[in-house]
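> need a structure here:
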Amino acid sequence: MNWVLTALFAGLCLWLLLAAMTRRGKLYEFPFLAAAMTFAFILPQLPGLASDPFLPAGLYAKTVCFAILCLAMCRLGWMPDRRPITQTFQWQVSEARLLLASAAMSIAGAYFYYKLSRIPVEFAVATTFSGENVLLSFFSQLLPYGLAIALLCFFNRPTVFSAIIIAVDIIFYLDRIFVTGKRAETTALVMVFALAIWFRRRRAMPYFLVLAGVLVGTLAMSSTGEYRQMNVKHDGPQLSSIEKISVLENFENLLSSGGPEMRNAMYRIHMVDRNQSFDYGAFHWDTLVWNYVPAQFVGKELKDSFMIDIDDQFTREYYFDKIPGTTETGLADAYASFWYFGAFKFFIISYFMSRLYGAAMAGNTEAQLFYMLLAVPAMHAISHYTQWVLSEWIHIAAFVMPGLLFARIRKRPAQSFAAAAIGRAS
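Numbers count the residues shown, from 1 in each chain. Model prediction:
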């Protein structure tokens with residue numbers, strides 16, 4: 001049964017990947033992106049777990065069934081035929097002001113990127129930060145916002161100013177990618193370029209080139225941890241050390257032994273199922289408080305008072321050592337919230353992204369920018385947790401919306417017929 005379910009899951013994933021061949025630009029839609037993340041991150045972790053005799057009986061089958069349901073929801077939630085939410089995005093913006101906002105965000109973000117580059121490598125490569133580094137990481141996100149705006153302006157009308165902003169941003173971006181080996185930053189950099197070209201020029205990357213990139217990414221993901229450890233050991237990337245990484249051997253080990261993230265997800269699902277300890281969405285509120293209520297300013301006691309404080313029975317009761325730096329995937333938090341109905345979280349994410357994509361394809365600059373910035377967080381709903389999209393949306397609203405308001409051109413209200421008649425009569 002385990003292998004039958006694995007084959008069904010792989011078949012659904014491959015169908016979503018191959019379906020992108022039917023229309024130009026379909027590879028930028030969320031169902032393809034979700035399938036690409038599933039193919040690269042989830043599927044390689046399953047074969048080794050399918051035959052693991054130490055997993056509780058039926059746990060593997062239950063997890064894969066739920067994974068099939070979640071991936072199907074990513075497709076069902078995508079509704080391209082519905083009228084896009086263009087009413088929300090009817091602004092006219094000044095390109096000059098937009099570039100000024102982009103420059104301001106890039107300068108601020110570059111400063112915090114520089115501060116992050118000064119911390120020891122062993123802290124820089126960590127998947128989560130603590131203390132002052134949390135603030136540095138929080139405000140460093142201004143740089144990709146500035147980059148995305150500059151790319152939209154450049155591919156609409158190339159200028160020297162926008163090209164300079166893009167070049168400077170890329171320098172800081174690449175430095176962080178090479179030092180930390182962060183997969184999210186790498187994917188985001190590729191996506192903002194590809195989407196800016198697609199939205200502004202309607203030129204899509206060749207499908208087979210993208211598929212090759214997915215395959216390469218699948219192989220490389222299993223070696224990310226080793227790459228980071230080498231950077232820690234040598235205080236930065238070294239070509240001689242990188243050449244020693246055996247990508248194929250690491251991938252074979254992943255296939256044979258199973259991946260830690262899916263193992264985490266299975267044990268989380270088992271714990272929740274055994275104790276019926278569903279959080280009913282409280283996880284999302286607690287994460288928002290954790291992310292956006294700074295204990296340094298309001299105090300730990302006040303911050304804790306805002307949280308529902310979900311009882312983490314997973315680490316308290318279960319004799320299972322979770323490897324530091326690994327995730328439990330969005331599958332686990334979806335199940336932990338609403339049982340099998342938690343798969344509907346992926347329907348909501350896909351539906352939201354489809355409406356945003358419709359407005360972007362209609363030519364709305366704001367929608368194009370938001371889709372560019374939210375595409376990778378939406379993909380990470382598969383690999384990390386479903387909260388990522390909501391948290392990023394709030395962050396974007398807090399820092400990007402002021403720039404868009406600054407660049408907005410406000411039209412004078414049209415004079416009514418009655419007012420015009422009175423004016424002529426006088």
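
> What residues of the helix or strand in which T287 is found count as buried?
Taking DSSP states H and E as the criterion, T287 maps to helix 282-292. By 16 or more other C-beta atoms under 10 Å, the buried positions in helix 282-292 come out as 283-284, 286-289, 291. The way it works is simple: take the backbone N, C-alpha and C, and place the C-beta from them, glycine included.

> Can you report how many residues lie near A150?
The tally of other residues near A150 (other C-beta atoms under 10 Å) stands at 29.

> And it, what's its pLDDT?
Per-residue pLDDT puts A150 at 94.

> Find the nearest non-adjacent residue to it, please.
Computed as C-beta to C-beta, 6 or more residues apart in numbering, the closest residue to A150 that is not its neighbour in sequence is I165, at 4.1 Å.

> Against V289, how distant is the residue lying closest to D286 once chain neighbours are set aside?
Closest residue to D286 apart from its sequence neighbours, by C-beta to C-beta, 6+ apart: M307 at 4.9 Å. Relative to V289, M307 is positioned 5 Å away (C-beta to C-beta, to the nearest Å).

> Need the single longest helix in this structure, by residues.
The single longest helix within the chain, with elements called by DSSP state H, is helix 95-117.

> Now do that helix: which elements does it pack against?
Here helix 95-117 touches helix 132-140, helix 142-156, helix 160-180, helix 401-407, going by 3 or more C-beta pairs under 8 Å, 6 or more residues apart in numbering; DSSP states H and E.

> Please work out which residues outside it touch it.
Here helix 95-117 makes contact (C-beta atoms under 8 Å, 6 or more residues apart in numbering) with 124, 133, 136-137, 139-147, 149-150, 152-153, 156-157, 159, 161-162, 165, 168-169, 172-173, 175-176, 179, 365, 399-400, 402-404, 406-407.

> One more pass at 7 Å, please.
Contact with helix 95-117 is made by 124, 136-137, 139-143, 145-147, 149-150, 153, 157, 161-162, 165, 168-169, 172, 175-176, 179, 403, 406-407, as judged by C-beta atoms under 7 Å, 6 or more residues apart in numbering.

> Over to stretch 161-178?
Contacts for stretch 161-178 (C-beta under 7 Å, 6+ apart): 99, 102-103, 106, 110, 113, 116-117, 143, 146-147, 150-151, 153-154, 182, 185-186, 189, 237.

> buried sites along it?
So stretch 161-178, judged by 16+ other C-beta under 10 Å, has buried residues 161-162, 165-166, 168-169, 172-173, 176-177.

> Could you do stretch 107-123 as well?
For stretch 107-123, a neighbour-count test (16+ other C-beta under 10 Å) marks 108-113, 115-117, 121 as buried.

> and what of stretch 384-403?
Within stretch 384-403, the residues that qualify as buried are 384-392, 395-396, 399-400, 403, counting by 16+ other C-beta under 10 Å.

> OK, contacts around the one residue sitting closest to the centre of the chain?
Nearest to the geometric centre of the chain sits P377, at 1.6 Å (C-alpha atoms, centre = their mean). Residues near P377 by C-beta under 7 Å, 6+ apart: 388-389, 392.

> let's see 8 Å
388-389, 391-392.

> thinking again about what came up before, immediately after the helix holding T287, which helix or strand?
helix 295-298.

> what residues does that next one touch?
Applying C-beta under 8 Å, 6+ apart, the set of residues contacting helix 295-298 is 135, 303.

> So which bits of the next helix or strand after it are buried?
The first helix or strand that comes after helix 295-298 along the chain, using DSSP H and E, is helix 300-306. Neighbour counts over helix 300-306 (16+ other C-beta under 10 Å) mark K303 as buried.

> Who are the packing partners of helix 300-306?
Counting by 3+ C-beta pairs under 8 Å, 6+ apart, helix 300-306 packs on no helix or strand.

> Can you give the distance of it from its chain's centre?
Offset of helix 300-306 from its chain centre (C-alpha atoms, centre = their mean, to the nearest Å): 28 Å.

> Poorly predicted segments of the stretch 251-400 of the chain, please.
Applying pLDDT under 70 to the stretch 251-400 of the chain flags residues 296, 309-322, 324-325.

> Please give me every residue in contact with I396.
Residues near I396 by C-beta under 8 Å, 6+ apart: 145, 370, 373-374.

> now do 10 Å
I396 makes contacts with 141, 145, 148, 369-370, 373-374, 377, as judged by C-beta atoms under 10 Å, 6 or more residues apart in numbering.

> which of the buried residues of stretch 161-178 sit farthest apart?
Greatest spatial distance among the buried residues of stretch 161-178 (C-beta to C-beta): F161 and I177, at 24.7 Å.

> Show the pLDDT at Y113.
Y113 is assigned 82 on the pLDDT scale.

> which one is it nearest to, not counting chain neighbours?
For Y113, the spatially nearest residue (C-beta to C-beta, 6+ apart) is F172, at 4.3 Å.

> Same check on T218?
T218 sits nearest to A40 (C-beta to C-beta, 6+ apart), 4.2 Å away.

> Next, count neighbours for A10.
Neighbours of A10 under the rule other C-beta under 10 Å: 18.

> Pull the contacting residues for it.
So A10 contacts 38-39, 42-43, 46-47, 64, 68 (C-beta under 10 Å, 6+ apart).

> Taking those residues together, which two end up most distant?
Within those, P47 and I68 form the most distant pair, 16.2 Å apart (C-beta to C-beta).

> Go through the contacts of A10 and flag which are in helices.
When DSSP H defines the helices, the subset of the contacts of A10 inside them is 47, 64, 68.

> residue contacts, the first one?
Translated: P47. Residues near P47 by C-beta under 10 Å, 6+ apart: 2-3, 6, 10, 254-259.

> will you turn these into a markdown table that also has distance to S246 and secondary structure?
Formatted as a markdown table, the contacts of P47 follow (distance: C-beta to C-beta, whole Å; DSSP: H, G, I helix; E, B strand; the rest coil):
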| residue | distance to S246 | secondary structure |
| --- | --- | --- |
| N2 | 28 | helix |
| W3 | 27 | helix |
| T6 | 26 | helix |
| A10 | 25 | helix |
| L254 | 12 | helix |
| L255 | 14 | helix |
| S256 | 14 | helix |
| S257 | 15 | helix |
| G258 | 19 | coil |
| G259 | 17 | coil |
